[in-house]
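Undergrad: Make a model of this:
(chains A and B)
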Protein chains: 2
Amino acid sequence: MHTLDMAHILPRLKHDEQGLVAAVIQQYDSGRVLMVGYMNDEALHRTLTEGRVTFWSRSRQEFWRKGDTSGHAQYVKKVELDCDGDALLIQVDQVGAACHTGEYSCFDAGGELPARVGHVPEKE
Amino acid sequence: MHTLDMAHILPRLKHDEQGLVAAVIQQYDSGRVLMVGYMNDEALHRTLTEGRVTFWSRSRQEFWRKGDTSGHAQYVKKVELDCDGDALLIQVDQVGAACHTGEYSCFDAGGELPARVGHVPEKE
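TA: The predicted structure is shown next:
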């Protein structure tokens, strides 16, 4: 069992009203952003110690280790915290599709919104 | 003025209790994830029509067009919605540093957490 002292980490987190922080999941080699999930302290502890990503499911109110049902596990490569402690960036190696719809990324499933493209002025 | 009918987009959003959706900001060419912000409907409308990213600041309770104060603007390249409508992925061209600390990414500022690295079994 991999052990970890969370005492240095927990004071750096800024939880929302439900005690959660956002976790952005990114495929480590391609850079594709796969999904956004949420973690409470125990889900983060499991993620940091098990080599696999565990979320807290807000809709089901239960722990959700990605892949235990679907087989589409996320193997942890790197975990970073943001400047104000309310978001995590987790680089993973994704098995199969990240999205429950069967699409590779949850952002493939929702798709692109029509947006005006901007350009840095000095690059024009 | 770029116009956009939000009538096809708003029904697809799943807002939190504060009327917000999460927005993951990613540098379009390098793939580096820069920050996570939040948008209400009007911030999303501005982002989709102005070519620049506007957030809703939860701490200041006001619109916050990235770069208006700092000069560190985010020019929009692509906007995607996720499968359940509560997260956006916005690819941008970032001017200067994305983080208010002066670090390029907010995840550089918070830094790496100690994590056990996992491996896809068939790749071992």
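
Undergrad: ok, the longest helix seen in chain A near chain B or not?
TA: Criterion DSSP state H: the longest helix present in chain A is helix A:41-50. Yes. Contact between helix A:41-50 and chain B, assessed by CB under 8 Å from any CB of the partner chain, occurs at A:T47, A:L48, A:T49, A:E50. To be clear about C-beta, it is placed using only N, CA and C from the backbone, and glycine gets the same treatment.

Undergrad: Next SSE downstream of that helix?
TA: Later in the chain than helix A:41-50, the nearest helix or strand by DSSP states H and E is strand A:54-57.

Undergrad: Could you point out the helix or strand that follows that following strand?
TA: Counting by DSSP H and E, what follows strand A:54-57 is strand A:62-65.

Undergrad: by contact count, what packs against that following strand?
TA: Strand A:62-65 is packed against helix A:41-50, strand A:54-57, with contacts defined by 3 or more CB pairs under 8 Å, 6 or more residues apart in numbering or on different chains; DSSP states H and E.

Undergrad: quick one: contacts for the residue nearest to A:I9 when sequence neighbours are not counted?
TA: With CB to CB, 6 or more residues apart in numbering or on different chains as the criterion, A:I9 has its nearest non-adjacent residue at 6.1 Å, and that residue is B:L113. B:L113 makes contacts with A:I9, A:L48, A:V79, A:E80, A:L81, A:L88, as judged by CB atoms under 8 Å, 6 or more residues apart in numbering or on different chains.

Undergrad: Can you tell me how far B:L113 is from B:D84?
TA: Using CB to CB, to the nearest Å, we find B:L113 at a distance of 27 Å from B:D84.

Undergrad: returning to what we had before: switch the helices and strands packed on strand A:62-65 over to a markdown table; also include mean pLDDT and mean neighbour count.
TA: Conversion of the helices and strands packed on strand A:62-65 to a markdown table gives the following (pLDDT from 0 to 100; neighbours: other CB atoms under 10 Å in any protein chain shown):
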| stretch | mean pLDDT | mean neighbour count |
| --- | --- | --- |
| helix A:41-50 | 98 | 20 |
| strand A:54-57 | 98 | 21 |
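
Undergrad: looking at the ones you listed, which is closest to A:V92?
TA: Shortest separation from A:V92 across those is recorded for helix A:41-50, at 9.7 Å, computed as CB to CB.

Undergrad: that older thread, ok, so of the residues of helix A:41-50 next to chain B, who is nearest B:Q27?
TA: Minimum separation from B:Q27 among those (CB to CB) is found for A:T47, which lies at 24.6 Å.

Undergrad: For the helix or strand that A:A109 is a member of, C-alpha coordinates in CSV please.
TA: Secondary structure here is read from DSSP H and E; on that basis A:A109 sits in helix A:106-110. Taking only C-alpha atoms (Å, rounded to 0.1, in the frame of the first residue of the first chain), the coordinates of helix A:106-110 have been written out as CSV:
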residue,chain,number,x,y,z
CYS,A,106,-16.4,14.3,-23.2
PHE,A,107,-15.7,17.4,-25.3
ASP,A,108,-16.1,15.3,-28.5
ALA,A,109,-19.5,14.3,-27.2
GLY,A,110,-20.7,17.8,-26.5
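
Undergrad: who wins for most neighbours among the contacts of B:L113?
TA: Scoring those on neighbours with other CB atoms under 10 Å in any protein chain shown, the highest-scoring entry is A:L88 at 25 neighbours.
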